[in-house]
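Enquirer: Here's a sequence, model it:
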Amino acid sequence: MQIACVTMVVGVMMLTACGGRTPPAKFYTLQPVEQSSTGKSLPLNVALAIGPVAIPAALDRAEIVTRDAVNEVSFSEYQRWAGPLKASIAAVIAQNIGTLLETERVTPFTHENIFQPTHRVVININRYDSQLAKEFLLSATWSIKNLNGNKLLLIRNSIIREPLASAGYEELVAAQSKALAALSQEIAAALIEVVP
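Expert: Have a look, this model is predicted:
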């Protein structure tokens, strides 16, 4: 009994000693990138829902994931997302498209109770590869649907690369935001093309 108590006390002391040296976690959010309107806008009766957004299962976690090699990834214990990545991607793209097309009638699909959407942009992220000090690669297949009759208007694939000059996570997250801005521009141009 005494040995068990001594072992437990020593274990608690060791955990307490180690606890003081643990670096604090940093939390990151994706941001809309400042960009100008395209000068084109959607008809006033059009309302957009962005999503759902699907991401690879390995990315659906709080830790920021980086790719170290072709078949090897790392999960950063101390560099984390402030919220769910899928929801952040949808929110940023919605805000970007709202700016590009000068409309307030665009929202992530989870907030559809704000208004009844007429169209939906569904996004499947195929690759969201972050290589520190190298590049960020975004590959996405996306579609535009007219919700009146659930008619598919268009489906496209986008591949966007953003170079990274350093191994910092701040730069990595900024590159991801830039890539999402480029994807938003492609989606906005397609919306002008196919939505009457």
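
Enquirer: for the chain, what helix or strand is lowest in average pLDDT?
Expert: In the chain, the helix or strand scored least confidently by mean pLDDT, DSSP states H and E is helix 2-19, which has a mean of 48.

Enquirer: burial count for the closest residue to Tyr78 other than its chain neighbours?
Expert: Closest residue to Tyr78 in three dimensions, ignoring its sequence neighbours and counting by C-beta to C-beta, 6 or more residues apart in numbering: Ala25, at 4.8 Å. For glycine as for every other residue, the C-beta is placed from the backbone atoms N, C-alpha and C. With neighbours defined by other C-beta atoms under 10 Å, the count for Ala25 comes to 12.

Enquirer: Ala25 reaches Glu77, doesn't it?
Expert: Yes: with contact defined as C-beta atoms under 8 Å, Ala25 counts as touching Glu77 (7.5 Å).

Enquirer: Name all residues that make contact with Gln31.
Expert: Contact partners of Gln31, counting by C-beta atoms under 8 Å, 6 or more residues apart in numbering, are Val92, Ala174, Ser177.

Enquirer: What separation do you get for it and Trp142?
Expert: With distances taken as C-beta to C-beta, to the nearest Å, Gln31 is found 20 Å from Trp142.

Enquirer: go on, Gly51?
Expert: Counting by C-beta to C-beta - Gly51 and Trp142 are separated by 10 Å.

Enquirer: which neighbours do those two share?
Expert: With contacts taken as C-beta under 8 Å, 6+ apart, Gly51 and Trp142 have Val121, Val122, Ile123 as neighbours in common.
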